[in-house]
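Novice: Provide a 3D model corresponding to the input given below.
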Amino acid sequence: MSKIIINEMSYHYTNYYNPIFHNVNIILDTNWRLGLIGRNGRGKTTFLKLLLGELKPDKGNIIKKVDMLYFPFINKVSYCKTIDVIKENIGFLKSMEDKMESILAEDMESRLEEYQTVFENYLQSGGFEMESRIKRELNLMHLSEKLLERDFDSLSGGEKTKMLIISLFLRKNGYILLDEPTNHLDVEGKRTLSDYLKHKTGFLIVSHDRQFLDMVTDHIMAINKADITLEKGNYSSWKSNKDKTEVFELRTKTRLEREITSLENRSVQNRNWAAIAEKEKNPYASNNRGNGSRAAKFMRQAKASELAIRKNIEYKKELLKNYEITQDLNLEQQSSEIITLISIKNLSFKYTKEYVLKNISLKINKGDRIWVRGKNGSGKSTLLKILGQCIDAENITFQEHLIITQILQEPGWTTGYINDYFMDCFRLQKFKTLCEYLDIDEETLKRPIETFSSGEVKKIETARALALDNQLILMDEPLNYMDIYFREQLEKAIITYQPTIVFVEHDERFGYNVANKIIDL
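Specialist: Next comes the predicted model:
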């Protein structure tokens, strides 16, 4: 495979000055299984758009000799059958098959040259062996071959995701960019995708799922506060090295700050001494040649010394720039004397004819941390909506005056400004403090919502919910789009405060670490 060479690349958004990248120099091998990580809003999706050519660097360039293939993408193929959709997405193979059939059905002699051209393209694209290759990929993805004969639109969301990823890996001369492919995949879907990617090379994957990254990557590229780092290994090895570096930086932080102050004082002193020496030169004195020479020499030494000091200062400041500060979240809840907050007995629910939930019995007691698991479509989100009283249902009893707050999977605010929605609706200072703890500063909150990354939107939604008084928190996939630092913050807060929560989440490591009860739907 080839290299992707990034030379002196800088980029910032024009609608608000936010320097995302500055003088980036990095070389990527397209044979790696590369994990791209970084906090929300640091520029992961922007980096992918720069690789794709959708954005142009302000300065520098990106040299690449392979096609960039991005997932997720919208399937725009007009064919219905799944096998045809896959073939067409691989490289217009189904269109070529139809073309050859139409020529054969007519007078072939008059269109012999056209047929020969299509045939050669089909042959070079691997068309004749593609069906067997597709079936082999389906086997690796643990999918039934029977799905190939079904209409693509009839497949589940997870099945569509897997089929489209297969079509990318069957293309020739492509480097695949997978942008959070596990979002909305259930636990089994994540396992299947990780098993599949273990057999592949030549892709870059953006993910915040620690366990998933460990299983599928052999290199990690991290977008840090001050720079971009690249190292061999999976997420755990990167995290171990990062922790050691941060421990060292924390231990030396005070010393470095003292050294920086001392160096800055020396720099000022040198400039003052050089200025005094310059003034003391007397151009009219007959014996001034020696003094002038010494003064000039001192000036050169002072400038050289100051340059060295400035470099030293910048180096020491750089050591502190990548230190990530994370504040502990407070998940303390309003007290309640009642033990059982919600009681459910033989609850069944359906939207139309088929039941989404059937004969569910459950008690939510104070201190419960309940993990609701199940395949996509098993009714997990529906159960949370019933618990949040967004949907009416029978056979459920709520404690009187129970205060419930919800972290929504898809917030209802998508355009405009944060002030337009809920700034007057709850305790503003607590909200801003929580945002700051989640790496969202006040300047970010002033930006148009359309400029937020998915992770920034989710963090603001989390701060909104947690700023409200509550006795029960409902979380529907709280980690979707969220960076690893947030995952660890939330995990630590739940373990520390042990709030009463019911959550749906496909991150197994998080689930097992925080739950004390599990419900399988």
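Novice: now for T444, how many residues are close by?
Specialist: By the criterion of other CB atoms under 10 Å, T444 has 19 neighbours. To be clear about C-beta, it is placed using only N, CA and C from the backbone, and glycine gets the same treatment.
Novice: should've said P19
Specialist: 11.
Novice: nearest spatial neighbour of it, skipping sequence neighbours?
Specialist: Taking CB to CB, 6 or more residues apart in numbering as the measure, P19 lies nearest to H12, with 4.5 Å between them; neighbours along the chain are not counted.
Novice: that neighbour: which element?
Specialist: Counting by DSSP states H and E, the element that carries H12 is strand 3-13.
Novice: tell me where the stretch 401-521 of the chain has helices.
Specialist: Defined through DSSP state H, counting those that start in this stretch, the helices belonging to the stretch 401-521 of the chain, from first to last, are 428-437, 442-445, 454-466, 484-497, 508-514.
Novice: between those helices, which one is nearest to D227?
Specialist: For these, the distance to D227 is smallest for helix 484-497, at 17.0 Å, taking CB to CB.
Novice: quick one: the closest one to helix 428-437, angle?
Specialist: With axes from the mean of the first three to the mean of the last three CA atoms, to 10 degrees applied, the angle from helix 484-497 to helix 428-437 works out at 120 degrees.
Novice: which other helices and strands contact helix 484-497?
Specialist: Applying 3 or more CB pairs under 8 Å, 6 or more residues apart in numbering; DSSP states H and E, one finds that helix 484-497 contacts helix 454-466, helix 508-514.
Novice: what about 7 Å?
Specialist: On a contact count with 3 or more CB pairs under 7 Å, 6 or more residues apart in numbering; DSSP states H and E, helix 484-497 meets helix 508-514.
Novice: so which bits of the helix it packs on are buried?
Specialist: The neighbour-count criterion (16 or more other CB atoms under 10 Å) identifies 508, 510-511, 514 as the buried residues of helix 508-514.
Novice: let me know the closest of these to N23.
Specialist: Comparing the buried residues of helix 508-514 against N23 with CB to CB places F510 closest, at 36.1 Å.
Novice: need the contact list for that closest one.
Specialist: Going by CB atoms under 7 Å, 6 or more residues apart in numbering, F510 touches 479, 487, 491.
Novice: and the nearest residue to the second one once chain neighbours are set aside, how far from Y485?
Specialist: Read it as R487. Leaving aside its sequence neighbours, R487 sits nearest to L479 (CB to CB, 6+ apart; 5.5 Å). When distance is defined by CB to CB, to the nearest Å, L479 is 12 Å away from Y485.
Novice: cool, M68 as well?
Specialist: Between M68 and Y485 the computed distance is 28 Å (CB to CB).
Novice: show me the contacts for the nearest residue to L474 once chain neighbours are set aside.
Specialist: Ranked by CB to CB, 6+ apart and with sequence neighbours excluded, the top spatial neighbour of L474 is Q406, at 4.5 Å. With contact set as CB under 7 Å, 6+ apart, Q406 has these partners: 388, 465, 474.
Novice: try it again with 10 Å
Specialist: By CB atoms under 10 Å, 6 or more residues apart in numbering, the contact set of Q406 is 384-385, 387-390, 461, 464-465, 468, 470, 472-476, 502.
Novice: that one and N241, how far apart?
Specialist: The gap separating Q406 from N241 is 38 Å, by CB to CB.
Novice: touching, K49 and Y11? I think so.
Specialist: Yes - taking CB atoms under 10 Å as the contact criterion, K49 and Y11 are neighbours in contact, 9.4 Å apart.
Novice: and for those two, which residues touch both?
Specialist: Between them, K49 and Y11 share these contacting residues under CB under 10 Å, 6+ apart: 43, 55-56.
Novice: which parts of the strand holding H12 are buried?
Specialist: Burial within strand 3-13, assessed by neighbour count using 16+ other CB under 10 Å, is assigned to 4, 6, 9, 11.
Novice: got a pLDDT number for I4?
Specialist: Residue-level confidence at I4 comes out at 96, pLDDT.
Novice: let me fix that, I meant to ask about K316.
Specialist: Looking at K316, its pLDDT stands at 61.
Novice: begin at 181 from now on, thanks
Specialist: Shifting the count to begin at 181 puts that one at K496.
Novice: and the closest residue in space to N363 that isn't next to it in sequence, what does it touch?
Specialist: The spatial neighbour of N363 that comes closest, neighbours along the chain excluded (CB to CB, 6+ apart), is N660 at 5.3 Å. When contacts are counted by CB under 10 Å, 6+ apart, N660 touches 360, 362-364, 388, 589-590, 634-635, 638, 685-687.
Novice: now swap in N575 and tell me
Specialist: Each residue near N575 by CB under 10 Å, 6+ apart is listed here: 523-529, 539-541.
Novice: and if we set it to 8 Å?
Specialist: Each residue near N575 by CB atoms under 8 Å, 6 or more residues apart in numbering is listed here: 524-528.
Novice: strands - which of the residues you listed land there?
Specialist: Secondary structure assignment (DSSP state E) places 524-528 from those within strands.
Novice: would you turn those into JSON lines with distance to K340?
Specialist: Converted to JSON lines, the ones in strands among the contacts of N575 look like this (distance: CB to CB, whole Å):
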{"residue": "I524", "distance to K340": "33"}
{"residue": "K525", "distance to K340": "37"}
{"residue": "N526", "distance to K340": "35"}
{"residue": "L527", "distance to K340": "31"}
{"residue": "S528", "distance to K340": "29"}
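Novice: select only the buried ones of the residues you listed in ChimeraX?
Specialist: Buried residues within these, as defined by 16+ other CB under 10 Å, are selected in ChimeraX through the command that follows:
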select :524,527
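Novice: distance to R351 and pLDDT for the ones in strands among the contacts of N575 - can I get that in JSON lines?
Specialist: Supplementary listing: the ones in strands among the contacts of N575 in JSON lines, determined by distance: CB to CB, whole Å; pLDDT from 0 to 100:
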{"residue": "I524", "distance to R351": "49", "pLDDT": "94"}
{"residue": "K525", "distance to R351": "53", "pLDDT": "94"}
{"residue": "N526", "distance to R351": "51", "pLDDT": "94"}
{"residue": "L527", "distance to R351": "47", "pLDDT": "93"}
{"residue": "S528", "distance to R351": "46", "pLDDT": "93"}
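Novice: pick the one among the ones in strands among the contacts of N575 closest to N255.
Specialist: Proximity of the ones in strands among the contacts of N575 to N255 (CB to CB) peaks at S528, which lies at 35.1 Å.
Novice: now that closest one: how far from D687?
Specialist: As defined by CB to CB, S528 lies at a distance of 29 Å from D687.
Novice: what separation do you get for the nearest residue to L350 once chain neighbours are set aside and L511?
Specialist: Nearest residue to L350, sequence neighbours excluded (CB to CB, 6+ apart): I270, at 4.9 Å. Counting by CB to CB, the gap between I270 and L511 amounts to 48 Å.
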